[in-house]
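1. Fold the following and give me the result.
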Amino acid sequence: MRIEDFLGGNAVALALALLVLLCLFLAVRVVPQSEKFVVERFGRLRAVLGPGLNFIVPFLDRVAHRISILERQLPTASQDAITSDNALVQVETSVFYRIIEPEKTVYRIRDVDAAIATTVAGIVRAEIGQMELDQVQSNRAVLIAKIRDSLTNIVDDWGIEVTRVEILDVNLDAATRAAMLQQLNAERARRAQVTEAEGRKRSVELAADADLYAAEQAAKARRVTADAEAYATGVIAGAIAANGLEAAQFQIALKQVEALSEMGKGQGGRVVLLPADAVDAFRDAFAMLKGGR
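-> Numbering: from 1, shown residues only. Presented below is the predicted three-dimensional model:
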C-alpha cells in the first residue's frame, strides 16, 4: 500500500469520525430544569423539549427559542380609572405569571409583558367603572379576584398562567381626598355624639334602677313590719280570747306604764304629776301582776 493511499484513507476516516461527533453534538440537547426549548424544522414548529436529555435531527432541526418557565413579575403599573360615582382614582397593580406552553407564547404574541400590562389596564378600568369609591377601598379582595379571572381567560390563548395579581395602592386626587377627610371627621363627630348620648341614657337607666330597688326594699321593710304587727295583734287577740277582759286591761295597763316611764326619763329630774286614774291604773296593773303570779 502506498503512503498516499494510507493517508487518504485515514483522512476519510477522520472526516467521518468528525462528522459523527458533530452529528452527536448537534443531536443531543440538554434542557435545564427552568427552561423549555422550541425546536423548528425548516421554519415550522417541530417539538417542544422539556427539561433533561433530548435528541433532535441534526442539520434539519434547530432550537429556535429557549423559553424560561420561571415565574415572572411585571413592573408595577399605574392606571387611572373613574368609579361609578365619578371619582378619579389611580390604581397601582402588579402581576405575576409564568409560561406553561411556550409554543403558544412564541407564535401568538410578540411582547408578552407589554400585552399583559395593556390587558390589565383595560380590565382595571372596566371593573372599577362598575364600582363605587367606597367599594374600591373596602373590597380589594373582590376586585383582585375579578381582575385575575378576567386576565386568566384572556392570556390562556398565549400559553400563560397568571399566578397572582396584587393591587398595591389606590390613590385619590386632592379634591376627592379632601372631601373624604371631611366626611371622615364628620363621621367621627357623629359617633362621639352618639356615644355621649348613649352614656347619658345609660346613666339615667341606672339611676332609675337604683330608685326602683330602693323603693322595693322599703316596701319589703314595711311589709315585714306590718306582718310583725299583725302577728303581735293576733297574739294579743288570742290572749284576750283565752283570758277575757282581764288580759285586755293588763295590756292597756302595761302600755300606760311604759308611757309614764318614758316621761320620767326627762333631763333635770323633773317632777311628773299624774292624774288619779293613772294611779288607779298602776294599782290595777300591779294587782294583776300579783294575781297572775
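2. buried residues in stretch 44-60?
-> The neighbour-count check on stretch 44-60 (16 or more other C-beta atoms under 10 Å) flags R46, V48, L49, N54, I56 as buried. C-betas here are computed from N, CA, C, even on glycine.
3. Out of those residues, flag the one nearest to T118.
-> V48 (26.6 Å; C-beta to C-beta).
4. thought that closest one was touching V38?
-> Yes. Using C-beta atoms under 8 Å, V48 is in contact with V38, at 5.8 Å.
5. got any residues that touch both of those two?
-> Common neighbours of V48 and V38, using C-beta atoms under 8 Å, 6 or more residues apart in numbering, are P102, E103.
6. Which other helices and strands does the helix or strand where A214 lies contact?
-> Under the criterion of DSSP states H and E, A214 resides in helix 174-243. Applying 3 or more C-beta pairs under 8 Å, 6 or more residues apart in numbering; DSSP states H and E, we find helix 174-243 packed against helix 245-264.
7. what stretches of the stretch 1-150 of the chain score poorly on pLDDT?
-> Along the stretch 1-150 of the chain, the model assigns pLDDT under 70 to residues 1-9.
8. That one: helices as residue ranges?
-> Counting by DSSP state H, counting those that start in this stretch, the stretch 1-150 of the chain has helices at residues 3-27, 102-108, 112-128, 133-138, 140-155.
9. Out of those helices, which gets nearest to G238?
-> Smallest distance to G238 across the helices of the stretch 1-150 of the chain (C-beta to C-beta): 81.0 Å, for helix 133-138.
10. who's in contact with the closest one?
-> T83, D85, A87, V89, I128, L143, V170, L172, T176.
11. any chance of the residues you listed in TSV, with distance to R188 and neighbour count too?
-> Listed next are these as TSV, based on distance: C-beta to C-beta, whole Å; neighbours: other C-beta atoms under 10 Å:
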residue	distance to R188	neighbour count
T83	24	19
D85	22	11
A87	21	19
V89	23	21
I128	27	25
L143	27	21
V170	22	16
L172	19	17
T176	19	16
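12. what's the most distant pair in these?
-> Greatest spatial distance in those: L143 and T176, 17.8 Å, computed using C-beta to C-beta.
13. can the buried residues of stretch 44-60 go into a markdown table with extra columns for distance to Y97?
-> Output for those, formatted as a markdown table (distance: C-beta to C-beta, whole Å):
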| residue | distance to Y97 |
| --- | --- |
| R46 | 26 |
| V48 | 18 |
| L49 | 22 |
| N54 | 25 |
| I56 | 29 |
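14. quick one: contacts for the closest residue to Q90 other than its chain neighbours?
-> Counting by C-beta to C-beta, 6 or more residues apart in numbering, N171 is the residue found nearest to Q90 once chain neighbours are left out, at 4.3 Å. Neighbouring residues of N171 by C-beta under 8 Å, 6+ apart: V89, Q90, V91, E92.
15. Write the ChimeraX selection for whichever of those are buried.
-> Buried residues among the contacts of N171 (16+ other C-beta under 10 Å), as a ChimeraX selection:
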select :89,91
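16. mind listing which of the contacts of N171 are in strands?
-> With DSSP state E as the criterion, strands contain V89, Q90, V91, E92 from among these.
17. for these, which one is nearest V31?
-> Looking across those and measuring by C-beta to C-beta, the closest to V31 is E92, at 36.8 Å.
18. How much space separates the closest one from A179?
-> Relative to A179, E92 is positioned 22 Å away (C-beta to C-beta, to the nearest Å).
19. same check, this time on E198
-> 29 Å.
20. the more surrounded of these two?
-> Set side by side, E198 and A179 show more neighbours around A179, with 14 against 10, by other C-beta atoms under 10 Å.
21. Any figure for the gap between that one and D211?
-> 48 Å.
22. Any idea how many residues pack against V95?
-> Using other C-beta under 10 Å: V95 sits among 24 other residues.
23. Show me what it is bridged to.
-> Beta-bridge partners of V95, counted by DSSP bridges, are V165.
24. for it, what are its contacts?
-> Taking C-beta under 8 Å, 6+ apart, we find V95 in contact with Q73, L74, I116, A117, V120, L151, V162, R164, V165, E166.
25. Could you turn the buried ones of the residues you listed into a PyMOL selection?
-> Burial among the contacts of V95 is assessed by 16+ other C-beta under 10 Å; the matching PyMOL selection reads:
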select buried, resi 74+116+117+120+151+162+165
